[in-house]
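Chemist: model this:
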Amino acid sequence: MNFLIEVGTEEIPDWMIVPAVAHLRQAFEQTLADHKLKGRVEWVDATPRRLVLFAERLPKAQKDSEELISGPPKSAGEGAAQGFARKNSVTVDQLETLSTPKGDYFAFRKKVAGWLTKEILASKMPDLILAIPWPKTMYWTGKVGPRFIRPIRWIVALLGSDVVPFEVAGVQSGKVTQGHRQFGRRKIRVTSSRYEEQLRANHVIVRSAERRQRILDGIAQWHVKPDDKLLETLTYLTEWPAPILGHFDESYLSLPSEVLVTVMRHHQKYFSVMREDGSLAPDFVAVMNVPEDPDGNVVSGNERVLRARFNDAQFFWETDQKRKLADRVESLSHVTFQAKLGSYLDKTNRVVALVRELGGNTGAQRAAELAKCDLSTEMVKEFTDLQGIVGGLYARAQGEPEAVAKAIYDHYKPLSMEDSIPSTVEGQLVSLADKLDTLRECFRIGMAPTGSKDPFALRRAAQGVVRLLVEGSVQVPLLNLCGGDESLIEFFADRVRYYFREIRGHKYDEVNAVMAAGWSDLKDAAARLDALQSVRPTENFEPIAASFKRIRNILEQANFEGGAFNAGVLTEEAERALYEAVKGMSLSGIDYRTGLERIASLRPQVDSFFDKVLVNAPDAAVRANRLALLHHLRKEFSSIADFSEIVTS
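Modeler: Numbers count the residues shown, from 1 in each chain. Alright, predicted model coming up:
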C-alpha cells in the first residue's frame, strides 16, 4: 500500500525547508523500523506551503507474533497451573513447560495479532509532525497549544485510498489539499496515485528538483551570473517558478558591480545579467511565483523596487565618500566588538600589533588599521553583507595603495571551505591576524564554542586560519600564535584534523601519524601527509608500520623513556645488522617521500631483529641496550610521521 502525507502551512522560510524534509524522512523511516513495518520512503519534498512524504509497499498490518508468558513453577502443583491457565483464558493442556536454570515453569505461548498499519500511523503521525526541529517555532491556537514553524492549515494523510485519521492543532487529516495561493483551487480532493498530477493542474510543482530545473531552463536564454545559493533559495520560495527579465538605467553602472549585485541578490533575490565581456549588464532576472505576466505588471513592479534600492545605494556611496576611511578609525571606539572585549578600535589596535608581529610590511599594517572602518559607513549599515568589500572599494576610490585596498577587500576570506583565501600576502596577513585575534580573545574570556552554539563563528575562523597557513604564503608556527592556551590549541588540533581528513581527503590514521610527529608548521604537515599517502601503497610500508607499533608497545610495557646506547654490547648478528642499517641512514636534506621510502627499506633488518633477538633478555644490561636501540630507531625515524599510528591489516 502507498502512503501519502502532506502538511500544508503558511509560507515556510526557504532556508529551513531542506533540514526539515530530511528529518521527516528519517523520522518516518524510524517509525517503520520501530513497528516492524515493511515498506520504504519513495520520496520526500516540499514547497513553501507544504511538506510531503510518499512511501510505498506498506503492509496492511504488522505480522502476527507470539509472546511466551511465564507462569508459576511446576513444583507449585496442579492448582497453580489451573489458576494460571484460567487467567490466560486457556486450558491446562494448552500450557507448556519452560525450563530455566532455576527450574521448570508453566508457560503459555500467546498469539498477538499485529496492529493495523492505519492505526499505527494514526497514533504516531501527530507527534512525528510536531517533532520536526525548527530554528524557531510559533503557536497560533493559544499559549498552551502546539508549536510549529508556521500555522498548519490542512493535512492530507492517505494509506491507499483510505484517510489515516488524526488531528494536529485542531486540523483533521483528510484527502483535501490546496493549490497555488493565487492560481489554484482552495479545495482539491486528491488521491495518493495522482497527487502530483492533481497539484500540477493547480499550478503547484511539488518536486523541488523540477522547480530548480524550470528556473535553470528559464534563465538559460540570458547570460546570467551563476549563483547556486540563490537558485536554491528561489527553488524553495516558489511553487510555480517563472523567470522574467527586467532592466535598470545604465547610469547605475557607475556604482561598483559588487554593490549592485549585492542589492539585487541579497535584497531582491534577483540574478545579475552579464555582458559578453563579463561586465555587468543593466538587466536582472527575477523569478515570479505566477504562471505569466501578460501586461508586464510584475516586471515593472520589480524594476520600480530595484530603482529605489539603487537610489539608496547611490546616496550612501556619495555620502560615505565625504569622509575618508582614515578619518573613521577613531569612530570605531563607538562600535562594540563584544561587551567584554571592548570596541572595534580595541580590536583594530590588537590586529595591527599582530600583523606587525607576523612580519607584515607597511601595506599590511595600513590595511589592518583601516580594515574595520567601513563598519561606520552608511553603505555597510544598510547592506551588511558588503563589510570588508566596501572598505576595499572605498580605499581604492580614496587613493590608498592597491595592495592596501585589496587586503581590506579580502580580509574576511575565506568565508567557507568553498571560498578562496585572500590573493595577496597583505590580505592573508590581515585575515590571519583578524581571525586569530577573535579566537584568542574569545577563548581568553571563556567563550569557546559548546555543542552547536558558536555565536562568534569561531569554528569557521579557526578553519580559515588553518587554510591560510596551509594554502597561503604566510609561514608561521601555529602553536606560537595560541598564547599557550591549551584549550585553544586543542580546538585548533580538531580543526586541523577536520581539514586534512574532510577537505584534503587523507585517512584518519595518516593524519594522526603526521600530527603525532608535530603539526605546528601546517605547510610542513601537509607535505608530510602527501608523502605518506603516496608511499603507503608500497610493499614494505604497512609491514614496517606494524613493526613500529610493536616497538611502541614494547617500550611502553617496559616503561622505557630513553637511556644510553652502547654498540659494543650488541651480541646478536641481527641486532648488529639493524644498528648498522640505522647508523648509515639519514633523513636530512632529502624530500619526505624519499625519506619514507628509506624508512620502509629497513623492513628486512627489523623483521630479522624481531625474529632472532629476544628484546627482554635475562641480562639487564643487554635488555636495556636493546630497548635503547629500539627507542633510538623510533625517535630517529618518527620526525616525518609516527608509524605506530598507522592502522595495518
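Chemist: Which strands or helices does the helix or strand hosting residue 32 pack on?
Modeler: Assigned by DSSP states H and E, residue 32 belongs to helix 14-34. Other helices and strands packing on helix 14-34, by 3 or more C-beta pairs under 8 Å, 6 or more residues apart in numbering; DSSP states H and E, are strand 40-47, strand 50-56, helix 117-130, helix 228-235. (C-beta placed from N, C-alpha, C; glycine too.)
Chemist: Let me see the domain layout of the protein.
Modeler: Per automatic domain parsing, the structural domains of the chain span 3-60+116-200, 65-112, 208-320, 325-474, 539-645.
Chemist: okay, those domains, which one's buried deepest?
Modeler: Stretch with highest mean neighbour count among these: domain 325-474 (a mean of 20; mean count of other C-beta atoms under 10 Å).
Chemist: and residue 71, which of the three is it?
Modeler: strand (DSSP: H, G, I helix; E, B strand; the rest coil).
Chemist: Show the contacting residues for it.
Modeler: Residue 71 makes contact with 80-81, 84, 95, 105-108 under the criterion C-beta atoms under 8 Å, 6 or more residues apart in numbering.
Chemist: so where's the protein uncertain?
Modeler: 649 (pLDDT under 70).
Chemist: Nearest to residue 508 among the domains of the chain would be which one?
Modeler: domain 539-645 (9.5 Å; C-beta to C-beta).
Chemist: Give me the distance between the two termini of the closest one.
Modeler: End-to-end distance for domain 539-645: 18 Å, by C-alpha to C-alpha, to the nearest Å.
Chemist: returning to that earlier point: next, format the domains of the chain as a markdown table and append distance to residue 521.
Modeler: Output for those, formatted as a markdown table (distance: least, C-beta to C-beta, whole Å):
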| stretch | distance to residue 521 |
| --- | --- |
| domain 3-60+116-200 | 38 |
| domain 65-112 | 62 |
| domain 208-320 | 35 |
| domain 325-474 | 8 |
| domain 539-645 | 12 |
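Chemist: Just send the helices and strands packed on helix 14-34 back as a markdown table, with distance to residue 579 too.
Modeler: Below are the helices and strands packed on helix 14-34 laid out as a markdown table (distance: least, C-beta to C-beta, whole Å):
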| stretch | distance to residue 579 |
| --- | --- |
| strand 40-47 | 64 |
| strand 50-56 | 69 |
| helix 117-130 | 68 |
| helix 228-235 | 60 |
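Chemist: Give me the three-state assignment for the closest residue to residue 201 other than its chain neighbours.
Modeler: Leaving aside its chain neighbours, residue 201 sits nearest to residue 179 (7.9 Å; criterion: C-beta to C-beta, 6 or more residues apart in numbering). Here residue 179 is recorded as coil under three-state DSSP.
Chemist: For residue 179, give me the backbone phi and psi.
Modeler: Backbone torsions of residue 179, given as degrees, to the nearest 10, read phi -90, psi -160.
Chemist: Contact partners for it?
Modeler: Counting by C-beta under 8 Å, 6+ apart, residue 179 touches 185-186, 188, 199, 201-204.
Chemist: Among those residues, which pair sits farthest apart?
Modeler: The farthest-apart pair in those, when distances are taken by C-beta to C-beta, is 186 and 201, at 14.1 Å.
Chemist: so how far is stretch 92-102 from its chain's centroid?
Modeler: How far stretch 92-102 lies from its chain's middle: 56 Å, per C-alpha atoms, centre = their mean, to the nearest Å.
Chemist: just stretch 113-130 next, same as before
Modeler: With C-alpha atoms, centre = their mean, you get 33 Å for stretch 113-130.
Chemist: Identify all contacting residues around that stretch.
Modeler: 1, 3, 5, 7, 24, 27-28, 31, 35, 37, 58-65, 146-148, 152, 155, 157, 159, 162, 164-168, 173.
Chemist: could I get it in PDB with only the CA atoms?
Modeler: This file holds the C-alpha atoms of stretch 113-130, laid out as PDB (Å, rounded to 0.1, in the frame of the first residue of the first chain):
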ATOM      1  CA  ALA A 113      -2.300 -10.000  16.400                       C
ATOM      2  CA  GLY A 114      -0.400  -7.300  14.600                       C
ATOM      3  CA  TRP A 115      -1.700  -3.800  14.600                       C
ATOM      4  CA  LEU A 116      -3.200  -2.400  11.500                       C
ATOM      5  CA  THR A 117      -0.800   0.000   9.700                       C
ATOM      6  CA  LYS A 118      -3.500   2.600   9.600                       C
ATOM      7  CA  GLU A 119      -3.900   2.500  13.300                       C
ATOM      8  CA  ILE A 120      -0.100   2.800  13.900                       C
ATOM      9  CA  LEU A 121       0.200   5.800  11.600                       C
ATOM     10  CA  ALA A 122      -2.800   7.500  13.100                       C
ATOM     11  CA  SER A 123      -1.200   7.200  16.500                       C
ATOM     12  CA  LYS A 124       2.300   8.200  15.500                       C
ATOM     13  CA  MET A 125       1.900  10.900  12.900                       C
ATOM     14  CA  PRO A 126       0.800  13.800  15.100                       C
ATOM     15  CA  ASP A 127       3.900  13.600  17.300                       C
ATOM     16  CA  LEU A 128       6.100  12.900  14.300                       C
ATOM     17  CA  ILE A 129       4.900  16.100  12.600                       C
ATOM     18  CA  LEU A 130       5.300  18.300  15.700                       C
END
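Chemist: Spit out the contact partners of residue 467.
Modeler: 414, 417, 421, 499.
Chemist: cool, and residue 400?
Modeler: Counting by C-beta under 8 Å, 6+ apart, residue 400 touches 325, 366, 370.
Chemist: so which strand or helix has the second one?
Modeler: This means residue 366. Using DSSP H and E, residue 366 falls in helix 362-370.
Chemist: list the helices and strands the next helix or strand after that helix packs on?
Modeler: Reading on from helix 362-370 to the C-terminus, the next helix or strand found by DSSP H and E is helix 378-382. Judged by 3+ C-beta pairs under 8 Å, 6+ apart, the packing partners of helix 378-382 are helix 297-320.
Chemist: and the helix it packs on, what does it pack onto?
Modeler: Helix 297-320 is packed against strand 242-247, helix 257-262, helix 268, strand 280-288, helix 378-382, with contacts defined by 3+ C-beta pairs under 8 Å, 6+ apart.
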